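> make a model of this:
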Amino acid sequence: MRIYPVLIDSRPTYLGAGSAPRSLLLTPAGTSSLFQHLYGGLAPAARNPVTVVTTFEPDEAYEAALRRESDAVDGVCSVSQFARRLQGFKPSDWLLLRDARRVAPEPLDLDEIIAAIPDDPRWVRHIVALATPPAGTNERVLLDPEGRVSRIQRYYDNVTWSFASGVSCSLLPVSSALIVRNLPFASLPELRAALAGRAVPSRDLFLKAAVFDLAGESGLLGLNERLALAAAGRAPVGKNVSLASTARLQGPVVVQDDVVVEEGATVIGPAVLGRGSRVGRQATVVQCLVASGQTVAAEATVHHRLVVDDPEPIDVAVTPALSFSPPAGGWGALTEEGEKGSQPLYPVLKAPFDILLALLALILVSPLFIVLAILVRLDSKGPILFGDRREGRGGKGFRCWKFRTMIVGADAKQLLLQRQNQVDGPQFKMERDPRVTRIGRWLRPLSLDELPQLLNVLFGQMSFVGPRPSPFRENQMCVPWREARLSVRPGITGLWQVCRHDRSFGDFHQWIYYDLLYVRHMSFLVDVKIFLATIITLGGKTSVPLDWILDRKRYNDRRRTRRSPDEGGWRSTPPSADQATSAPPAPESESGEAKEAAILQTAGPQA
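Got it, this is the predicted structure:
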């Protein structure tokens, strides 16, 4: 068995129509070319010369340019010619097909996949990239049979959105390619569908890394942006480079071989200057990819695009936005101007401190733990512990453990009791819930059923103090809420538990409001106050004023006041004039402060 790598090349229109040979494989990719980036990831697994298959008719200049990239190029042919080339392979051989239009910044780890071939040689393997919606969510308008809007449904990429964005790589037995005629090698997604339609068994292996679609200019820019950031600490300057003394390179800028940057020129990264390119005097290049051999004219300004001769007209919509991960401390580390904010080291030190404290607490309460476990077991049939699926930091799911206080099958019976729900929002609560066991009616008011959550703290899934741990169905109400609440670990107790009021009304907005306040102002002192307040209120049986925990200037009062008889019910107290004007307006830029302000200002249910 031998594995032969095959790279599929194409020429998107945005690459221009210049006289020089140009294609995706010959385009710069970080410190090298896309050919070297892709083949470098395949060579350790394949260990054989590479065949380049093109979606266009290759000429001698193109083939010569490829062979200058590497002497490992065994042959170059178009898709129509590849069927004849297949006759030179043995049925026991395998083809490792890689599409230049679907690229991840990191090399693919194929060793485990290839090692499994001898045990089961019948299966085709496809490396599939999962679609990642913007902000991790995708919304769809659902219509009724008459075509009217019935509701708007939100899907989350790691929970309810399960679609592929393309195929990056396919491992195909030559025997299948020889038997099945007219396979569409120009497109791996079409090849995947065609093989499945011809009864060829296949398996999809999901690629967790970010994948860029190079069929559009924004994908090529996004890939080079990521590669430039990754190369920032590795002296990304090539050979025979001429940098004028007055030229300025700011941020991560990759400079390949034979580049010339003239006097007074400014290059702002992330940016990549391809091999043999030139930036003219007094020119400004902002977050661009300058193709190999291209020149930025003197005193010209280019930004957020690929620099080629005779380019395709650009649409503003394809300009990629830089995407960075949230700060290590989550949104709680962000501050408004003039605000002291969280202690930088506290989010780092909080986790190990919680684990040590949980271990000590488990040792101290172990006798009570054993007694309660016996009582739960004797009271009713079923397991001692109940583990409900909750979302932790970053949306990672975990089992939140409690002593079982309901009968087995209580989740299914909740649907029958939904009309008797006494709280708003996605929660469910009844004063005399028939599903609660006898021991449960004693454990729940004392909050003793939550003692097993010390195990979650010990495992690093929860904290002693934090937002209330919630299941996916509750967190999906609003994207900003979800992102903020899941930026820190959930807690056994929290600001909402000790400060909530009007409990009989089950104010969902109040719960979200207090959780977001905690995320915003998390600090050691705030956690100590909440912990002491939990003891004072006997686990949250009564409430403490919010200004015991936070300075009143840092929040708006959301306590309820009774409505007039005509209005009925209750309403939230509007903020005073001083409070309403104390919050600074969100800046126009997408800074962390602006995002945080948007989170707090949009604390209301959305579709």
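
> remind me which residues of the stretch 301-450 of the chain are low pLDDT?
Counting by pLDDT under 70, the stretch 301-450 of the chain shows low-confidence ranges at 310-344, 415, 418, 421-428.

> which residues in it form strands?
301-303, 306-307, 385-391, 397-403 (DSSP state E, counting those that start in this stretch).

> could you measure from the residue lying closest to residue 122 once chain neighbours are set aside over to residue 305?
Nearest non-adjacent residue to residue 122, counting by CB to CB, 6 or more residues apart in numbering: residue 201, 5.9 Å away. From N, CA and C alone the C-beta is placed, and that goes for glycine too. Using CB to CB, to the nearest Å, one obtains 44 Å as the distance from residue 201 to residue 305.

> for residue 106, same thing?
25 Å.

> sorry, back to before: so what pLDDT did the residue nearest to residue 122 get?
For residue 201, the model assigns a pLDDT of 88.

> please work out how many residues are found near it.
For residue 201, the neighbour count with other CB atoms under 10 Å is 11.

> what residues are up against it?
122, 123, 124 (CB atoms under 8 Å, 6 or more residues apart in numbering).

> domain map for this structure?
Domain assignment of the chain by automatic domain parsing yields the ranges 3-213, 218-224+233-318, 331-601.

> go through stretch 522-538 and flag the buried ones.
Using 16 or more other CB atoms under 10 Å as the test for burial, stretch 522-538 gives 522, 523, 526, 527, 529, 530, 531, 533, 534, 537.

> return the distance of that stretch from the chain's centre.
Stretch 522-538 has its C-alpha centroid displaced from the chain centroid by 32 Å (CA atoms, centre = their mean, to the nearest Å).

> need the winner for burial among the strands of the stretch 301-450 of the chain.
Mean neighbours per residue, mean count of other CB atoms under 10 Å, is largest over the strands of the stretch 301-450 of the chain for strand 306-307, with a mean of 23.

> in its sheet, what does it sit against?
Here strand 306-307 is paired, per DSSP bridges, with strand 289-290 (parallel).

> need the longest helix for this protein.
Scanning the chain for the helix with the most residues, using DSSP state H, yields helix 346-379.

> distance across stretch 419-436, terminal residue to terminal residue?
In stretch 419-436, first residue to last residue: 18 Å (CA to CA, to the nearest Å).

> quick one, what contacts the residue nearest to residue 377 when sequence neighbours are not counted?
In space, and not counting its chain neighbours, residue 377 is closest to residue 384: 5.5 Å by CB to CB, 6+ apart. Contact analysis of residue 384 by CB under 8 Å, 6+ apart lists 373, 376, 377, 403, 404.

> strands along the stretch 51-200 of the chain, start to end?
According to DSSP E, counting those that start in this stretch, the strands that the stretch 51-200 of the chain contains are 73-78, 94-99, 102-103, 124-130, 137-143, 149-156, 164-173.

> how about the fourth one, which residues are buried there?
Residues of strand 124-130 classed as buried by neighbour count (16+ other CB under 10 Å): 124, 125, 126, 127, 128, 129, 130.

> got the contact list for that strand?
For strand 124-130, the surrounding residues in contact (CB under 8 Å, 6+ apart) are 102, 104, 108, 113, 157, 162-173, 176, 188, 192, 195, 200-208, 211.

> okay, angle between that strand and strand 164-173 too, please.
160 degrees (axes from the mean of the first three to the mean of the last three CA atoms, to 10 degrees).

> now find how far off-centre strand 124-130 is within its chain.
When distances are taken as CA atoms, centre = their mean, strand 124-130 is centred 19 Å away from the chain's centroid.

> can you check the second one too?
Mean-position distance between strand 94-99 and its chain equals 28 Å (CA atoms, centre = their mean).

> still on that earlier bit, so residue 106 and residue 305 - more neighbours on which side?
residue 305 (21 against 12).

> any low-confidence regions in the stretch 451-600 of the chain?
477-479, 502-507, 540, 554-600.

> just the CA coordinates for stretch 94-107, please, in CSV.
Below are the C-alpha coordinates for stretch 94-107, written out as CSV (Å, rounded to 0.1, in the frame of the first residue of the first chain):
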residue,chain,number,x,y,z
TRP,A,94,-4.5,5.3,-2.1
LEU,A,95,-5.0,8.9,-3.1
LEU,A,96,-4.7,11.7,-0.6
LEU,A,97,-6.7,14.5,-2.2
ARG,A,98,-6.3,18.1,-0.8
ASP,A,99,-8.3,21.0,-2.1
ALA,A,100,-6.5,24.4,-2.2
ARG,A,101,-9.8,26.2,-1.7
ARG,A,102,-10.4,24.8,1.9
VAL,A,103,-7.4,25.5,4.0
ALA,A,104,-6.7,25.5,7.8
PRO,A,105,-3.8,27.5,9.2
GLU,A,106,-2.5,24.4,11.1
PRO,A,107,-1.2,21.3,9.4
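
> that one: how far from the chain's middle?
The answer for stretch 94-107 is 21 Å, by CA atoms, centre = their mean.

> now stretch 96-116
21 Å.

> quick one: terminal-to-terminal distance for that stretch?
Across stretch 96-116, the terminal residues are separated by 14 Å (CA to CA).

> could you do stretch 232-244 as well?
End-to-end distance (CA to CA), stretch 232-244: 21 Å.

> and stretch 295-309, by the same measure?
Taking CA to CA as the measure, stretch 295-309 stretches 9 Å from start to finish.

> over to stretch 151-165?
Stretch 151-165: ends 26 Å apart by CA to CA.

> hmm, who's touching that stretch?
Contacts of stretch 151-165 (CB under 8 Å, 6+ apart): 102, 128-133, 136-142, 189, 204, 211, 213, 395, 472, 476, 479, 607.

> are any of the residues you listed buried, and which?
For those, buried by 16+ other CB under 10 Å: 102, 128-130, 136-138, 189, 211, 213, 395, 472, 476, 479.

> ok, now which ones touch residue 79?
Taking CB under 8 Å, 6+ apart as the criterion, residue 79 is in contact with 53, 54, 55, 185, 186.

> could you find the closest non-adjacent residue to it?
According to CB to CB, 6+ apart, the nearest residue to residue 79 is residue 186 (4.6 Å).

> and residue 401, how far from residue 444?
If you go by CB to CB, the gap between residue 401 and residue 444 works out to 15 Å.

> swap that for residue 282, please
Per CB to CB, residue 282 is found 73 Å from residue 444.

> show me which of these two is the more surrounded one.
Using other CB under 10 Å, the more surrounded residue of residue 282 and residue 444 is residue 444, with 18 against 15.

> so who does that one touch?
Listed by CB under 8 Å, 6+ apart, the contact partners of residue 444 are 405, 436.

> the stretch 451-600 of the chain: helices as residue ranges?
Counting by DSSP state H, counting those that start in this stretch, the segments of the stretch 451-600 of the chain that form helices are 453-458, 472-475, 479-485, 495-499, 508-521, 524-536, 577-582, 592-601.

> those: which one's closest to residue 413?
helix 472-475 (16.6 Å; CB to CB).

> next one: that closest one to chain centre, how far?
That offset, for helix 472-475, works out to 17 Å (CA atoms, centre = their mean).

> got it, and stretch 265-278?
For stretch 265-278, the distance from its own C-alpha centre to the chain's C-alpha centre is 29 Å (CA atoms, centre = their mean).

> then stretch 200-212?
17 Å.

> so which bits of that stretch are buried?
200, 202, 207, 211, 212.

> show me the beta-bridge partners of the third one.
Beta-bridge pairing of residue 207, defined through DSSP bridges, involves residue 129.

> quick one: contacts for residue 307?
Residue 307 makes contacts with 277, 285, 288, 289, 290, 291, 294, 296, as judged by CB under 8 Å, 6+ apart.
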